[in-house]
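Colleague: Mind folding the following:
(chains A and B)
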Amino acid sequence: GDSVTQMEGPVTLSEEAFLTINCTYTATGYPSLFWYVQYPGEGLQLLLKATKADDKGSNKGFEATYRKETTSFHLEKGSVQVSDSAVYFCALKGSNSGYALNFGKGTSLLVTP
Amino acid sequence: SQTIHQWPATLVQPVGSPLSLECTVEGTSNPNLYWYRQAAGRGLQLLFYSVGIGQISSEVPQNLSASRPQDRQFILSSKKLLLSDSGFYLCAWSVNRNSYNEQFFGPGTRLTVL
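Modeller: As a prediction, the model looks like this:
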């Protein structure tokens, strides 16, 4: 079945450092891919998405490119801020998975001043 | 614009007590609705989804149930809570018949069963 694997955290970075959070997936067909962010004590917010191969999703300085050849959707940001501290979830909507989104286990990011 | 509400925000209940969590969506009609649970240190688990009034699909067998009495209202219930029901419960919605199924989440309810 469809699945998402994220790098395990927590990830701790200094402010203005470069961020990469790895996400790889297993799916049949052509899934849609998402990154969600969860700030402490809150629900999930959609950060960005990509619906076909080679698409690049971007928002708030974050980017991720849908790489079908490597089945990856890594999240990157060139210069993180303290306010980026949160848990980041990679998610997949498979073409044959009905209504379910498959989520990774989440990666906790802590940015220190 | 669309908004999604959940209440209560936090809840502490004894084992064996009943549960009712409510979710409402504003600004859209005929949405797909979802209940997820997020246990401590784990990812999100889809519990139920609904594509219309009175239509509920269960993803995981458990002592929880869901109902959709109105188009934009989704309720999660239990007759007798277990310790293992503790967690963060998230309601979400998506546009019906959207093949990408981009889902939008509410603020969540933190449930502690003692």
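
Colleague: Can you give me the neighbour number for the nearest residue to residue A:89 once chain neighbours are set aside?
Modeller: Computed as Cβ to Cβ, 6 or more residues apart in numbering or on different chains, the closest residue to residue A:89 that is not its neighbour in sequence is residue A:36, at 4.4 Å. Just so you know, the C-beta spots here come from the backbone N, C-alpha and C atoms, and that holds for glycine as well. Using other Cβ atoms under 10 Å in any protein chain shown, residue A:36 has 24 other residues around it.

Colleague: my guess is residue A:36 contacts residue A:104, does it?
Modeller: No: assessed by Cβ atoms under 8 Å, residue A:36 is found out of contact with residue A:104, at 9.7 Å.

Colleague: Could you point out the helix or strand that follows the lowest-mean-pLDDT helix or strand in chain A?
Modeller: The helix or strand of chain A with the lowest confidence, counting by mean pLDDT, DSSP states H and E, is strand A:102-103 at a mean of 88. Counting by DSSP states H and E, the next helix or strand C-terminal to strand A:102-103 is strand A:107-112.

Colleague: thinking again about what came up before, between residue A:36 and residue A:104, what contacts are shared?
Modeller: Here residue A:36 and residue A:104 have A:89, A:91 as joint contacts, going by Cβ atoms under 8 Å, 6 or more residues apart in numbering or on different chains.

Colleague: wait, is residue A:37 part of a strand?
Modeller: Yes: counting by DSSP: H, G, I helix; E, B strand; the rest coil, one finds residue A:37 located in a strand.

Colleague: who's in contact with it?
Modeller: Neighbour list for residue A:37: A:44-45, A:47, A:86-89 [criterion: Cβ under 8 Å, 6+ apart].

Colleague: Of the residues you listed - the most surrounded one?
Modeller: Counting neighbours by other Cβ under 10 Å, residue A:44 leads the contacts of residue A:37 with 28 neighbours.

Colleague: beta partners for the spatially most central residue of chain B?
Modeller: Centroid check for chain B by Cα atoms, centre = their mean gives residue B:35 as the closest residue, at 2.9 Å. Residue B:35 has these beta-bridge partners by DSSP bridges: residue B:48, residue B:91.
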